[in-house]
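# Sharing a model prediction with you, sequence too.
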Amino acid sequence: MFVRVKKSGAYQYLQIVQNERANGQVQQHVIATLGRLDVLQRTGQLDALLCSCARFAEHSAVLSAHRQGRLAATQKVSIGPALVFERLWQELGFPIDGQKKNATRPTNGRPDLQQKRQSHVALLF
């Protein structure tokens with residue numbers, strides 16, 4: 001089963017449809033027409049229906065609970081650009097997540113090495 005939008009005149013209607021194979025052909029049968037799409041969206045009925053259905057799907061229930069803040073993170077994993085920039089930051093010698101900062105002071109009124117590195121990394125963004 002799946003949901004589709006069916007145009008009729010100036011309106012779009014939301015339908016629940018089921019595919020069945022008969023005599024080597026796939027036939028679609030409309031199980032229910034839920035109503036006009038614009039009305040369902042405007043009144044919030046579509047969101048309410050989806051939330052109601054999501055209670056019975058494990059994957060959707062987990063995603064909904066996470067969005068509502070009812071799940072605690074058990075592990076943090078860096079991927080993609082976050083991982084690349086974290087490694088770049090570490091290689092440049094900057095502190096990450098609570099590591100102690102090496103206190104360096106500028107000499108002769110010139111910026112120290114760490115300040116130079118920070119300005120170079122800032123240019124990347």
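Received the coordinates, thanks.
# Only C-alpha atoms from now on, for both contacts and neighbour counts.
Will do.
# show me where pLDDT drops low in the protein?
For the chain, the stretches with pLDDT under 70 are 61, 78, 96-125.
# any idea where the strands of it begin and end?
Along the chain, the segments classed as strands by DSSP state E run 2-8, 11-22, 25-36.
# Sheet partners, orientation included, of the last one?
Taking DSSP bridges as the criterion, strand 25-36 pairs within the sheet with strand 11-22 (antiparallel).
# buried ones in the partner strand?
For strand 11-22, the neighbour count (16 or more other C-alpha atoms under 10 Å) marks Gln12, Tyr13, Leu14, Gln15, Val17 as buried.
# for stretch 83-91, same thing?
Trp89.
# now the strands of the chain as CSV including distance to Asp47?
Listed next are the strands of the chain as CSV, based on distance: least, C-alpha to C-alpha, whole Å:
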stretch, distance to Asp47
strand 2-8, 14
strand 11-22, 13
strand 25-36, 13
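# Which parts of the chain belong to which domain?
For the chain, the structural domains run 2-67, 81-124, going by automatic domain parsing.
# Name the nearest residue to Asp38, sequence neighbours excluded.
Gln12 (7.5 Å; C-alpha to C-alpha, 6 or more residues apart in numbering).
# Start and end of stretch 69-81, how far apart?
Taking C-alpha to C-alpha, to the nearest Å, stretch 69-81 runs 25 Å from one end to the other.
# if we look at it, which residues are touching it?
Ala65, His66 (C-alpha atoms under 8 Å, 6 or more residues apart in numbering).
# what comes up buried for it?
Along stretch 69-81, not one residue counts as buried under the neighbour rule (16+ other C-alpha under 10 Å).
# re earlier: so which of the strands of the chain is nearest Leu92?
strand 2-8 (51.6 Å; C-alpha to C-alpha).
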